[in-house]
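Asker: predicted model and sequence follow; I will ask about them next.
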Amino acid sequence: MNRKWILAAILTLGLLAVTAAVALSWSDVDPATGAGPDFMISLPLDDQAAPSVAYNSDDDEYLVVWWDERPGTDDADIYGQIFSASGIPQG
């Protein structure tokens, strides 16, 4: 079999897999609220509270911030993480 055809077949199967994964993730969105499934932002090693989310429409990403008291510290700090629209941590 020609290498070009093998490469084309592999790329096509990869594209189908990615398309199916995106379709499945969008099927989890509640049409009434627009909310998707919950996912973990931070490992709960100690106390976390007061989460807040901001959306950046220019880059289609979210900034999540929260109050976190990490083990070995006496005080709480504010932590944050940027996530892509699909929930993947950025940076």
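Answerer: Nice, I can see it.

Asker: tell me where the chain has helices.
Answerer: According to DSSP state H, the chain carries its helices in the segments 3-27.

Asker: low-scoring stretches of it, by residue?
Answerer: Counting by pLDDT under 70, the ranges of the chain that qualify are 1-27.

Asker: tell me which stretches of it form strands.
Answerer: 47-56, 61-69, 77-84, 89-90 (DSSP state E).

Asker: strands paired with the last one, and their directions?
Answerer: Partner strands for strand 89-90, per DSSP bridges, with pairing direction: strand 77-84 (antiparallel).

Asker: equivalent analysis for the first one, please.
Answerer: Each strand pairing with strand 47-56, determined using DSSP bridges, is listed with its direction: strand 61-69 (antiparallel).

Asker: need the CA coordinates for the partner strand. PDB is fine.
Answerer: Written as PDB, here are the backbone C-alpha positions of strand 61-69 (Å, rounded to 0.1, in the frame of the first residue of the first chain):
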ATOM      1  CA  GLU A  61     -11.100  30.900  27.800                       C
ATOM      2  CA  TYR A  62     -12.000  31.100  31.500                       C
ATOM      3  CA  LEU A  63     -10.100  32.300  34.500                       C
ATOM      4  CA  VAL A  64     -11.100  30.500  37.700                       C
ATOM      5  CA  VAL A  65      -9.900  31.900  41.100                       C
ATOM      6  CA  TRP A  66     -10.400  30.600  44.600                       C
ATOM      7  CA  TRP A  67      -9.300  31.000  48.200                       C
ATOM      8  CA  ASP A  68      -7.000  28.100  49.200                       C
ATOM      9  CA  GLU A  69      -5.300  27.200  52.500                       C
END
